[in-house]
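Engineer: Compute the structure for the input listed below.
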Amino acid sequence: MKILRLAILVFTVATVGFAQQSDFEIKERFKSMYDELKRDIDSVKTAEQIAMIPNRISGLETEFVGHKDLIGAAFYPETFENMMTRLKDQFALAETKATTIQTQGTRIGELESQLVILNTELARLNSEREELIAKLRSANNSAAQQQDIVRRLTANLQAKDKLVNAMIDSIFLPFGKNMESLTEVQTDALGKKLEKTNIVTRIADIAQDNVKFLEATNLEPKDYSTLVNQYEQFRNRWNGLRERVNMAFEASNAKAAGKGKKDQTVPADENPVGRVDASLAEWQNKLNSSVWAGVMREFSSRSVAVHPFTDAQSFSASIRAYVDSAKAAGGDTKAFDDEIWVQRIEKEWKPTLEKDILLGKTEYASLDRKVAELRENKFDWKIVFWVVNGIVIVLVAWWLFNRKPKKVQQPVSQNPKV
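Structural biologist: Okay, here's the model as predicted:
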């Protein structure tokens, strides 16, 4: 009897121990599979890896749903349902990220191919530009030929500008706009790509091309308005790009210095970003000087003696001084007012002079009001002539209308009296 009781006790203890050991194994197996699945979700990259994850999540859920109370107790305050939901949400985010990476990878490959095409087209445009500038400087062109060359060269410069912008997009698009969030590896890769494509030098070349263009020809007044617009658009784009380019070069130089290379500090006049800034300043100076030289020719060609001017400030001072002097002297200002200001400045130069980098709209309007003072003080003798003529005509008409004809006397009858 004692042996039987002992056997029952041993069996009971063994059964409880076995059950406890099974619960522990279930918990550990679930934890191991759950953690492994989380790691795999975080590392998915290919479409094949993505396709396998939903089946694994479903398999894990099916295998352990019967032990959800045990798992909930083991991972309290987490529940089995919450843990599975979190796993599915994690996969949804990973799937979106992996799809985006694949799309970007395809896009990056397309952009790399596009860079090759853009480089080829850019080389062709450079060759065409040199040929057109040479023709522009030739003295053998007729006025019509010269204008056609100017038109073709303008189109060439605009096409080159667009190509370089497309190259910039191809370079920076894969890295996004927030440079501060780039990793060291990404920043280094961007710096190498900038250096390989020589993009900053290409940007500076656009500014230099426009300087050469302005030096090679005298343009019509309305042409300058288009050129000023091109300059302002170029400057604004560069201002938006400048800091990103500078950060990429600085990071690349710092990494090179950290690897023990020679001092990578670049002098200001040799810094790629500095070269663009210098070329941009030269472009603006040349554009300004060309505009003011063209405006000055309007006065000198008509022998109107205004004080020479070379910028907005001296132009304003010159016009104001001329108007004040002309009002005091009371001379004839027809050439200045009618022939130059109204017919040339107002009709031809106004769109250009109203640009902010020149006079600006406010100062131009102020000068226009100043010139109008000459018309207010001008005495027009034609008015007197026509008024006098009108009076004479009225008087003559009045005289003719009121003149009384002489009475004709009838002869007196001489009949004799009877």
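Engineer: Model confidence for Leu214, exactly?
Structural biologist: Confidence per residue is given as pLDDT, and for Leu214 that number is 87.
Engineer: That should have said Ile101, apologies.
Structural biologist: Ile101 is assigned a predicted lDDT (pLDDT) of 49.
Engineer: Then Val387?
Structural biologist: Model confidence at Val387, expressed as pLDDT, equals 66.
Engineer: swap in Ala293?
Structural biologist: 94.
Engineer: please renumber so the chain begins at 150
Structural biologist: Okay, using 150 as the starting number, the last item reads as Ala442.
Engineer: which residue packs closest to it, ignoring adjacent ones?
Structural biologist: In space, Ala442 comes closest to Thr459 once its chain neighbours are excluded; the distance is 8.0 Å by CB to CB, 6 or more residues apart in numbering. Where C-beta positions appear, they are placed from N, C-alpha and C, glycine not excepted.
Engineer: How about the most centrally placed residue in the chain, nearest residue that isn't a chain neighbour?
Structural biologist: With distances taken as CA atoms, centre = their mean, the residue of the chain nearest its centroid is Arg386 (4.1 Å). When the adjacent residues along the chain are set aside, Arg386 lies closest to Asn314, with 6.9 Å between them (CB to CB, 6+ apart).
Engineer: Could you measure from that neighbour over to Leu271?
Structural biologist: Using CB to CB, to the nearest Å, Asn314 is found at 12 Å from Leu271.
Engineer: Phi and psi next, for Tyr225.
Structural biologist: Backbone torsions for Tyr225, taken as degrees, to the nearest 10, come to phi -50, psi 140.
Engineer: where's it relative to Ala427, distance?
Structural biologist: For Tyr225, the distance to Ala427 under the criterion CB to CB works out to 68 Å.
Engineer: and if you look at Ser276?
Structural biologist: 25 Å.
Engineer: Which of the two has more residues huddled nearby?
Structural biologist: Looking at Ser276 and Ala427 with other CB atoms under 10 Å, you find the greater number of neighbours at Ala427, namely 16 against 10.
Engineer: Please identify the helix or strand for that one.
Structural biologist: Secondary-structure element containing Ala427, defined by DSSP states H and E: helix 421-449.
Engineer: Show me what the helix or strand just after that helix packs onto, helices and strands only.
Structural biologist: Remark: after helix 421-449, the chain's next helix or strand is helix 461-478, criterion DSSP H and E. Taking 3 or more CB pairs under 8 Å, 6 or more residues apart in numbering; DSSP states H and E as contact, the helices and strands that helix 461-478 lies on are helix 510-525.
Engineer: how does it look with 10 Å?
Structural biologist: With contacts defined as 3 or more CB pairs under 10 Å, 6 or more residues apart in numbering; DSSP states H and E, helix 461-478 has these neighbours: helix 421-449, helix 510-525.
Engineer: Export only the CA atoms of it, formatted as PDB.
Structural biologist: The C-alpha trace of helix 461-478 is given here as PDB (Å, rounded to 0.1, in the frame of the first residue of the first chain):
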ATOM      1  CA  ALA A 461      21.400 103.700 -60.500                       C
ATOM      2  CA  GLN A 462      22.500 106.400 -58.000                       C
ATOM      3  CA  SER A 463      24.400 108.500 -60.500                       C
ATOM      4  CA  PHE A 464      21.600 108.100 -63.100                       C
ATOM      5  CA  SER A 465      19.000 109.500 -60.700                       C
ATOM      6  CA  ALA A 466      21.200 112.300 -59.700                       C
ATOM      7  CA  SER A 467      21.900 113.200 -63.400                       C
ATOM      8  CA  ILE A 468      18.200 113.300 -64.400                       C
ATOM      9  CA  ARG A 469      17.200 115.400 -61.400                       C
ATOM     10  CA  ALA A 470      20.000 117.800 -62.000                       C
ATOM     11  CA  TYR A 471      19.100 118.200 -65.600                       C
ATOM     12  CA  VAL A 472      15.400 118.900 -64.900                       C
ATOM     13  CA  ASP A 473      16.300 121.500 -62.200                       C
ATOM     14  CA  SER A 474      18.700 123.200 -64.500                       C
ATOM     15  CA  ALA A 475      16.300 123.200 -67.400                       C
ATOM     16  CA  LYS A 476      13.500 124.600 -65.300                       C
ATOM     17  CA  ALA A 477      15.700 127.400 -64.100                       C
ATOM     18  CA  ALA A 478      17.000 128.300 -67.600                       C
END
